[in-house]
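1. what follows is a protein structure lacking sequence information:
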Ligand SMILES: [Fe+2]
Ligand SMILES: [Fe+2]
């Protein structure tokens with residue numbers, strides 16, 4: 001009984017954290033839309049971002065539903081969530097570029113192999129439906145990041161100078177977020193795997209493969225070599 005209760009708690013935590021992450025992602029994308037409007041970025045890209053903010057709210061709702069299906073009764077801790085984008089540089093455009101590279105070029109791109117791996121090891125139909133919806137959207141979110149970077153490179157002349165400063169910051173934050181996760185102890189049960197929890201010690205490998213396979217290939221175009 002104790003073991004089962006423990007497993008249920010990890011499942012609840014996993015889906016609750018996922019709902020928090022998706023809601024946060026939506027809120028931050030809403031703010032990104034406003035930044036893009038203030039900086040007069042391409043209207044088509046602004047509309048893509050508005051659609052992404054809506055997708056992420058759907059992801060938040062369906063993940064929250066799974067958290068409740070596995071018995072979680074907690075509400076999202078809105079007051080303590082990081083729902084705002086930070087202006088990290090004096091230049092608004094440079095701050096936007098960091099958000100684009102870190103969260104969309106890198107974050108959304110690595111989300112595709114990560115969620116694919118999660119979907120492969122899951123078997124519960126309700127969970128498969130959630131992963132399928134997320135996987136339907138994430139490649140478009142990643143594409144938005146790379147297209148916005150290309151637009152900035154063509155239309156904001158300082159992008160060329162900023163990019164070599166921004167890429168290492170974004171990359172090291174990604175590595176901090178993905179690497180050195182200890183394996184679950186006790187190991188994940190069949191039930192937990194079926195309901196979508198994924199061995200977190202594999203996150204780092206998935207990130208490194210994506211850096212080599214995709215980030216590197218895309219950034220070479222801008223004269224940046226990650227090797
Ligand atoms: Fe999402
Ligand atoms: Fe996304």
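-> The structure has been received and is ready for your questions. If you're wondering where the values come from, they're calculated on a predicted model, not measured in any experiment. Ligands and ions are numbered 1, 2, ... in the order given.
2. could you use CA atoms for every contact and neighbour count after this?
-> Will do.
3. helices and strands around the lengthiest helix in the chain, which ones?
-> Counting by DSSP state H, the longest helix found in the chain is helix 2-38. Identification of packing neighbours for helix 2-38 by 3 or more Cα pairs under 8 Å, 6 or more residues apart in numbering; DSSP states H and E yields helix 43-69, helix 92-99, helix 190-194.
4. looking at these, which is closest to residue 222?
-> Ranking these by distance to residue 222, with Cα to Cα as the measure, places helix 92-99 first at 13.9 Å.
5. okay, buried residues for the helix or strand that contains residue 209 please.
-> Taking DSSP states H and E as the definition, residue 209 sits inside helix 203-210. Buried positions in helix 203-210, judged by neighbour count with 16 or more other Cα atoms under 10 Å: 203, 204, 206, 207, 208, 210.
6. tell me the contacts of residue 126?
-> residue 66 (Cα atoms under 8 Å, 6 or more residues apart in numbering).
7. please, which helix or strand holds it?
-> Per DSSP H and E: helix 125-155 holds residue 126.
8. what comes up buried for that helix?
-> 127-128, 130-131, 134-135, 137-139, 141-146, 148-149, 152-153.
9. kindly report the same for stretch 213-220.
-> Going by neighbour count (16+ other Cα under 10 Å), the buried part of stretch 213-220 is residue 215.
10. contacts for that stretch next, please.
-> If you take Cα under 8 Å, 6+ apart as the criterion, stretch 213-220 is touched by 105, 106, 224, 225, 226, 227.
11. CSV for those residues, including secondary structure?
-> Listed next are the contacts of stretch 213-220 as CSV, based on DSSP: H, G, I helix; E, B strand; the rest coil:
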residue, secondary structure
105, helix
106, helix
224, coil
225, coil
226, coil
227, coil
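12. which one of these sits closest to residue 18?
-> Using Cα to Cα, the contacts of stretch 213-220 come closest to residue 18 at residue 106, 18.1 Å.
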